[in-house]
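# Sequence and predicted structure are below.
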Amino acid sequence: MSPELELAIAAAREVGQLLRENFESDLDVDEMHAHDIKLALDVKSQELIEAKILETFPGHAIYGEEGIAGDQSSDTQWIVDPIDGTVNFFFGIPHFCISIAMRQEGELKIGAIYDPMADEMFAVDFEGPATKNGKPIKPSNRAQLSESIVTIGFSKSSESIDAGMERYRKFAHRVRKTRMMGSAALALAYIACGRLDAYVEEMISIWDIAAGQLMLERGGGKVELVQSDIDPDKLRIVSYNGKLSFEGIL
């Protein structure tokens, strides 16, 4: 295991312990929006990750959901989502994770996604297959939409929700089942290990999907990212096991 991945895993586990300790407790809310929640614990979790990374690599940059840190001119950037699935966490739904990726000169190199409630660590290093708790994983072989399980994400604006509903309507009649689970990073990890077959969302940020993108692509899956039609600062994602066809849907 590379020192970088070892560090990412250690940081994710440390924050995971913090989240378990605070799960289903009284939480300090920084911001409450119509379709989103920001917790003080989001900030504290990212600060823990930042401290751990910069202690080892003080010249690196950090780009996270809760802000930036380190040397932003560095060619090495850590992409951090300290709690992916904050709304789930706030309401006591045990489906959320910590996502940490690292890219060099714009290319993703390592990633770690930790589900602290299931104690599942998804990881991918500079080389080799993605893993779950140390064992290699790969996407499913399902090639027919009628056999697939697809998760549709619904983002944080009325426009993205409307677009997601239209997308959901098209998929629901063609696939075996649809799921709405609330964590983009875990959606990608689940496709990478074969639990799901595809994930589509109209509006996400790079910290939501960076680690999971590398895991899925390493196993032969596909991740298609384009600038969102709704918000130019966001991305639209179509990700799948590399075998499905979306003709007539996308």
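Perfect, I can see it now.

# Summarise which helices and strands the longest helix belonging to the chain is packed against.
With secondary structure taken from DSSP state H, the chain has its longest helix at helix 3-22. When contacts are defined as 3 or more C-beta pairs under 8 Å, 6 or more residues apart in numbering; DSSP states H and E, helix 3-22 packs onto helix 40-56, strand 76-84, strand 97-104, strand 107-115, strand 120-124. For the C-beta atoms, the positions are set from N, CA and C on the backbone; glycine is no exception.

# what angle sits between the second one and helix 3-22?
Between the axes of strand 76-84 and helix 3-22, defined by axes from the mean of the first three to the mean of the last three C-alpha atoms, to 10 degrees, the angle is 20 degrees.

# Tell me which other helices or strands strand 76-84 touches.
Applying 3+ C-beta pairs under 8 Å, 6+ apart, one finds that strand 76-84 makes contact with helix 3-22, helix 40-56, strand 61-64, strand 97-104, helix 184-192, helix 206-218.

# Make JSON lines out of the helices and strands packed on helix 3-22 and add mean neighbour count, distance to residue 231 and mean pLDDT.
Shown next, in JSON lines, are the helices and strands packed on helix 3-22 (neighbours: other C-beta atoms under 10 Å; distance: least, C-beta to C-beta, whole Å; pLDDT from 0 to 100):
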{"stretch": "helix 40-56", "mean neighbour count": "18", "distance to residue 231": "20", "mean pLDDT": "95"}
{"stretch": "strand 76-84", "mean neighbour count": "26", "distance to residue 231": "17", "mean pLDDT": "97"}
{"stretch": "strand 97-104", "mean neighbour count": "27", "distance to residue 231": "20", "mean pLDDT": "98"}
{"stretch": "strand 107-115", "mean neighbour count": "23", "distance to residue 231": "22", "mean pLDDT": "98"}
{"stretch": "strand 120-124", "mean neighbour count": "24", "distance to residue 231": "28", "mean pLDDT": "98"}
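
# Just put the ones you listed in CSV and tack on distance to residue 166.
Shown next, in CSV, are these (distance: least, C-beta to C-beta, whole Å):
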stretch, distance to residue 166
helix 40-56, 30
strand 76-84, 25
strand 97-104, 28
strand 107-115, 29
strand 120-124, 30
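
# Now do the same contact list for residue 197.
For residue 197, the contact set (C-beta atoms under 8 Å, 6 or more residues apart in numbering) comprises 139, 140, 142, 148, 149, 150, 191, 240, 241, 244.

# So which of those are in strands?
149, 150, 240 (DSSP state E).

# now, among those residues, which is nearest to residue 203?
Closest approach between the ones in strands among the contacts of residue 197 and residue 203, by C-beta to C-beta: residue 150, at 17.5 Å.

# quick revisit: and residue 175, which of the helices and strands packed on strand 76-84 is closest to it?
Smallest distance to residue 175 across the helices and strands packed on strand 76-84 (C-beta to C-beta): 13.5 Å, for helix 184-192.

# Going C-terminal from that closest one, what's the next secondary structure element?
strand 198-204 (DSSP states H and E).

# That following strand pairs with which strands, parallel or anti?
Note on strand 198-204: by DSSP bridges, its sheet partners are strand 149-153 (parallel), strand 235-240 (antiparallel).
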